[in-house]
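[1] coords below, sequence missing:
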């Protein structure tokens, strides 16, 4: 999407989860200790954050949003559904929110298994969380069903261009 609409810039989120071997700190996420993350919460450094799983925090740093705005670009966020719903309400007039929905929980489970990045326990935890997240879809401006990647990208691009 970022190559298709150059005025967009992706905001790198912060997390306390373990870094996967393929991930680059500062590019995929800012990987923080739980103590550092909580310190940033107390300092007011996040525009939003969630404890998505026990001791696994994710959040959007104000400094990331400021960095992108300083480049006269539009911030694009990829975040937890609850955080996304909160920001959609908070910035209703200055944002568009898109819920990317898997075609089914079964298909999501298959995709996660094919990535081979999850243990059986973490896979089940993610599936259980996804079932709950589906209940938030109606709190977003748009819902795109990711049943076909190209179709989902085209639909998302259309929504963004129409609403810029």
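    That came through fine. For clarity, every value in this text was computed on a predicted model and none was experimentally measured. Residues are numbered from 1 along each chain as shown.
[2] residues contacting residue 99?
    If you count contacts by CB atoms under 8 Å, 6 or more residues apart in numbering, residue 99 has them with 81, 84, 136-137, 139-140, 142-144. In short, each C-beta sits where N, CA and C put it, glycine included.
[3] Which of these are buried? Put it as a ChimeraX command.
    Buried residues among these (16 or more other CB atoms under 10 Å), as a ChimeraX selection:
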select :81,84,140,142,144
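[4] any chance of the contacts of residue 99 in a markdown table, with pLDDT and distance to residue 57 too?
    Formatted as a markdown table, those follow (pLDDT from 0 to 100; distance: CB to CB, whole Å):
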| residue | pLDDT | distance to residue 57 |
| --- | --- | --- |
| 81 | 89 | 15 |
| 84 | 87 | 15 |
| 136 | 91 | 19 |
| 137 | 92 | 23 |
| 139 | 90 | 21 |
| 140 | 92 | 22 |
| 142 | 95 | 27 |
| 143 | 96 | 26 |
| 144 | 97 | 26 |
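[5] Inside strands: which ones of the contacts of residue 99?
    142-144 (DSSP state E).
[6] Dump these to TSV, plus distance to residue 26.
    As requested, those are exported to TSV (distance: CB to CB, whole Å):
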residue	distance to residue 26
142	30
143	31
144	28
